[in-house]
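Peer 1: okay, predicted coordinates and the sequence, questions at the end:
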Amino acid sequence: MTHMTRVRTSAPALGALPAAALLVALAAPAASAHPGPAPARIPFTHATVTAAATPGTYEISWQAPGTRHVAVRAGGRTVASGGSTGRVTVTGLPAHADRQWFDLVPDHGRGLHLADRLIKLDGTVNFRDAGGYRTRDGHWVKMGEVYRSDALDKLTDADLAKLKRLGITTDYDLRTAGERAAAPDRVPAGTRYVVADVLAGSDMTTTMPTTEAGAVAMMTDGEKFMVSGATAKSAYRKVFSGIVGGDGALFHCTAGKDRTGWANAALLTALGVPRDTVTADYLASNDYRAGANAAALASMTPEQAKVYKPLLDVRAEYLNSGFDEVRDEFGSFRAYEKEALGLDARGLAELRRELLV
């Protein structure tokens, strides 16, 4: 499985967790007698870190047009380097670090602070950083601020300690009452727990499909409900309000792909991430959940598996039905942000100040 990456501006020195980066101003500085220099631009248009199967081994690639040299640093030392386009493999790094971060330092402009997107935990398969993407205007979504996940009921004590070190302060549970009762969350002591039940007003959890086509229709209808259903709007408004307020937020459902998938798609879209990147992030759940899904299907008869597979998948048509519902019910994504998510112009500006560099 190819792990995607998380991206953040480089700090002067590496620590256990990345320091918050300053927002790159979009507008010119206020007029003064001695105006300061404009903020340095981030020259990277692409950057990824992929954790290899061998512990402590990583593949790093980047594109930084206009630069001549990029140094790759880890643990305070240079471990690789290259030109404006590069692809390197780094070996021999600590095998059991919470997250292995890399600084990509260009010869001019601002650097990036990167790590593999997946947070490896014993009790989850789809726990990952929600950000780490480039926006259309050249900003990057901060990493280490917002996380997305599947169910948290199987987290081990070691997992909880790792989440504590990640700085997560609020857990938004997007699941139904039945799901919460059957598999209650485990979270670090002191974490605020918030119920944000997306599907409370839907019957999709009580009526199961009997055909493959019915399963696909269930998923597309469910995506539409996540956009315009009253309880869905209320639930996502809670999540976005917390993120705007500066929470170290985690949101999750059972598989971390549908209710969670739309939450992150809406967040990335609000931040200005291109639609194709949003879709790729959404579809990545197919990779992260591949083993779990295969095991579930293997326990069924072929006939059952054929009907059930669309429920385990994420597909572009599911996400597209959500964006179609935004257009049909609200007219534009900006109107959806304001009417459904509670993000007025001030709230949207604050969200971008919190999460973009």
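Peer 2: Thanks, I have it. Numbering: from 1, shown residues only.
Peer 1: pull the longest helix from the chain.
Peer 2: helix 212-228 (DSSP state H).
Peer 1: list the buried ones in whichever helix or strand comes after that helix?
Peer 2: Following helix 212-228 in sequence order, the next helix or strand is helix 230-244 (DSSP states H and E). By neighbour count on 16 or more other Cβ atoms under 10 Å, the buried set for helix 230-244 is Thr231, Ala232, Lys233, Ser234, Ala235, Tyr236, Lys238, Val239, Phe240, Gly242, Ile243, Val244. Backbone N, C-alpha and C define where each C-beta goes, glycine included.
Peer 1: quick check, nearest of those to Ala340?
Peer 2: Using Cβ to Cβ, Lys233 comes nearest to Ala340 of the buried residues of helix 230-244, at 4.4 Å.
Peer 1: just to check, the closest one is in contact with Leu343?
Peer 2: No - between Lys233 and Leu343 there is no contact under Cβ atoms under 8 Å: 11.9 Å.
Peer 1: could you pull out the strands for the stretch 51-200 of the chain?
Peer 2: All strands of the stretch 51-200 of the chain, identified by DSSP state E, counting those that start in this stretch, fall at 58-63, 70-74, 77-82, 85-90, 102-106, 112-116, 128-129, 146-149, 170-173, 192-195.
Peer 1: for Phe323, find the nearest of those.
Peer 2: Nearest of the strands of the stretch 51-200 of the chain to Phe323, taken as Cβ to Cβ: strand 146-149 at 18.4 Å.
Peer 1: so what touches the closest one?
Peer 2: With contacts defined as Cβ atoms under 8 Å, 6 or more residues apart in numbering, strand 146-149 is touched by 119, 124, 126-131, 166, 168, 243, 248-252, 256, 260, 263-264, 267, 355.
Peer 1: note down every partner strand of that strand and its orientation.
Peer 2: strand 128-129 (antiparallel), strand 249-252 (parallel) (DSSP bridges).
Peer 1: any idea how far Val244 is from Gly272?
Peer 2: As for Gly272, its distance to Val244 is 16 Å (criterion: Cβ to Cβ, to the nearest Å).
Peer 1: check Phe127 too.
Peer 2: From Phe127 across to Val244, the span is 23 Å (Cβ to Cβ).
Peer 1: ok now stretch 169-182, how far from the chain's centre?
Peer 2: Distance, stretch centre to chain centre, for stretch 169-182: 19 Å (Cα atoms, centre = their mean, to the nearest Å).
Peer 1: pull out the buried positions in the helix or strand harbouring Ser321.
Peer 2: Taking DSSP H and E as the definition, one finds Ser321 inside helix 316-330. Across helix 316-330, burial judged by 16+ other Cβ under 10 Å covers Tyr318, Leu319, Ser321, Gly322, Phe323, Glu325, Val326, Phe330.
Peer 1: adding distance to Glu145, write these out as TSV.
Peer 2: As requested, the buried residues of helix 316-330 are exported to TSV (distance: Cβ to Cβ, whole Å):
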residue	distance to Glu145
Tyr318	26
Leu319	23
Ser321	29
Gly322	23
Phe323	24
Glu325	28
Val326	24
Phe330	27
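Peer 1: nearest to Ala349, out of the strands paired with strand 146-149?
Peer 2: With Cβ to Cβ, the closest approach to Ala349 among the strands paired with strand 146-149 belongs to strand 249-252: 18.3 Å.
Peer 1: quick check: mean pLDDT of that closest one?
Peer 2: Mean pLDDT, computed over strand 249-252, is 97.
Peer 1: and the next element down the chain from it?
Peer 2: Counting by DSSP H and E, what follows strand 249-252 is helix 259-271.
Peer 1: what's the angle between that following helix and helix 230-244?
Peer 2: 60 degrees (axes from the mean of the first three to the mean of the last three Cα atoms, to 10 degrees).
Peer 1: helix 316-330 and helix 259-271, what's the angle between them?
Peer 2: Going by the same axes, to 10 degrees, helix 259-271 makes 60 degrees with helix 316-330.
Peer 1: just checking, Val198 touches Ala232?
Peer 2: Yes - applying Cβ under 8 Å as the test, Val198 and Ala232 come out as touching, 4.7 Å apart.
Peer 1: which residues do the two both contact?
Peer 2: Going by Cβ under 8 Å, 6+ apart, residues that sit against Val198 and also against Ala232 are Met226.
Peer 1: chain center to stretch 281-296, what's the gap?
Peer 2: 15 Å.
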